[in-house]
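S.K.: One predicted model, sequence on top.
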Amino acid sequence: MSNTITAIAPKELILKAKDPIVLECGDTLRNVTIAYSTWGTLSADKSNVVWVFHALTANGNPHEWWPEMVGAGQVIDPQKHFIICANMLGSCYGSTGPKNMNFPLVTINDMVKAHKILKAHLGLDKIYLGIGGSMGGQQLLEWAVQEPELFENIVPLATNAFHSPWGIAFNEAQRMALENIDSAKGLEAARAIAMLSYRHYDTYQSTQKDVDHRWDDFAASSYQRYQGEKLRKRFSVQSYYYLSKAMDSHHVGRHFGSAEAALKRIKSNTLVIGIDSDMLFPPHEQEFIAKNIPNSQVIVISSKYGHDGFLTEANTITQLLKTFINHE
C-alpha cells in the first residue's frame, strides 16, 4: 500500500451521471448528481481502496462524523488508503434528492446503483475494504450481495439483512410527525422519536438524570428538544422522509429468493459488529448476517449508547478492525 503523504482534508467532488437510473419502483431518475469525497492516493495496483458508507443523516465526508476512525493516523488512514464515501441517493448533502414530497421511492438497491456509477467513473474493479454502520451497513450488504467478489473485506456494523417491523414502526411514527405537524417542528419531533431508538434506557439514566427532585424542566426533555433543533438546522424534511422509506425497503433477499440465499453469495472476508444495547438493530440481526455469510465472524461489543454505539465506541471498533484487516 502507498505511504505517500496526502492532503490534510478530503476532496469533496460532484459526479453528474451520464445515464438515468431506473428505480426499483419503476420510475426513472434523470440528470443524477452524486456528491462524494476521496481522501488519499490510489495505489498503482488499485489495491488500497476503502469505501465508507454513511448512515441516515450523515454526509459524504466520514472524517466529519467518524474522526476517530477515519483520518491521518487512524485505522482508516489517507496516508495508506484511498478513501471513498458517497452521499447516498435521496440525501440533501449534494446527491440527487427530493425538493418536495413528490419524489419517487428510492430503495437501498437504488442507492447501490448510484455507487456503481461512481465506481465505474473512478475506474475501480476491486475494493479492499467496505465499511458502514446502520443504513450504511445496509448499502454495503446489498452491494456485496450483488457483486460477491468486489469487496475483499467487509465490516457491516449495527445493521441488518432486512429491516424489521420494529424498525419500520419507529420510522412510520417519525413520518407521521412530519405529515401532521408544521414541517420544521415535525422534523424536530421525528428526530426526538428517533433518539429513543438510537440510544438506550441506560444512556438517559447516566446522562440525563435529574438529582434535585424537580417537577418540570427535566434534563431529558431539554435534551430531546435540543437534538430535534440541531437536526432541523442541518437537514431536509423531504430527505428525512424519503430516506426513512428507503431504510424500510431494505431486504437483501428481494431478488435472490431469501435473505439467507443472498448472504451466502458473499465471498468477502467479513467481520460483523453488533452493539449489546442496540434496540433498533439488536445483536441477533448481526448474528443472522454472520451465520449466513460463508467466511464471517460476529463480535458484539458493549456500550451504554445503544445503536449509536457504532459511532461512539470508535476506540473499541478501531481495535477490532485493526485485528481483522491484519489477519485477513
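M.R.: Received, thanks.
S.K.: List the buried residues for the helix or strand hosting Ala169?
M.R.: Secondary-structure element containing Ala169, defined by DSSP states H and E: helix 165-180. Burial within helix 165-180, assessed by neighbour count using 16 or more other C-beta atoms under 10 Å, is assigned to Gly167, Ile168, Phe170, Asn171, Gln174, Arg175, Ala177, Leu178. All C-beta spots, glycine's among them, are computed from the backbone N, C-alpha and C.
S.K.: The residue lying closest to Ser277 once chain neighbours are set aside: what's it in contact with?
M.R.: By the measure of C-beta to C-beta, 6 or more residues apart in numbering, the closest residue to Ser277 outside its immediate chain neighbours is His200, 4.4 Å from it. Listed by C-beta atoms under 8 Å, 6 or more residues apart in numbering, the contact set of His200 reads Ser277, Asp278, Met279, Lys304, Tyr305, Gly306.
S.K.: hmm, try it at 7 Å
M.R.: Neighbouring residues of His200 by C-beta atoms under 7 Å, 6 or more residues apart in numbering: Ser277, Met279, Lys304, Tyr305, Gly306.
S.K.: For Tyr128, state which of these is nearest.
M.R.: Using C-beta to C-beta, Tyr305 comes nearest to Tyr128 of the contacts of His200, at 28.9 Å.
S.K.: Quick check on the closest one: phi, psi?
M.R.: For Tyr305, the backbone dihedrals are phi -100, psi 10 (criterion: degrees, to the nearest 10).
S.K.: residues contacting it?
M.R.: Contact criterion C-beta under 7 Å, 6+ apart gives Arg199, His200, Thr203, Thr312 as the residues in contact with Tyr305.
S.K.: hmm, which two among these are most spread apart?
M.R.: Looking at those by C-beta to C-beta, the two members farthest from one another are His200 and Thr312, with 11.3 Å of separation.
S.K.: Helix or strand: which one has the spatially most central residue of the chain?
M.R.: The geometric centre of the chain, computed from its C-alpha atoms, lies nearest to Gly136 (C-alpha atoms, centre = their mean), at 2.1 Å. In this structure, Gly136 sits in helix 135-146 according to DSSP H and E.
S.K.: now that helix, how far from the centre of its chain.
M.R.: Centroid separation between helix 135-146 and its chain, computed with C-alpha atoms, centre = their mean, to the nearest Å, is 9 Å.
S.K.: Same question for it: list its buried residues.
M.R.: Of all the residues in helix 135-146, those buried under the rule 16+ other C-beta under 10 Å are Met135, Gly136, Gly137, Gln138, Gln139, Leu140, Leu141, Glu142, Trp143, Ala144, Val145, Gln146.
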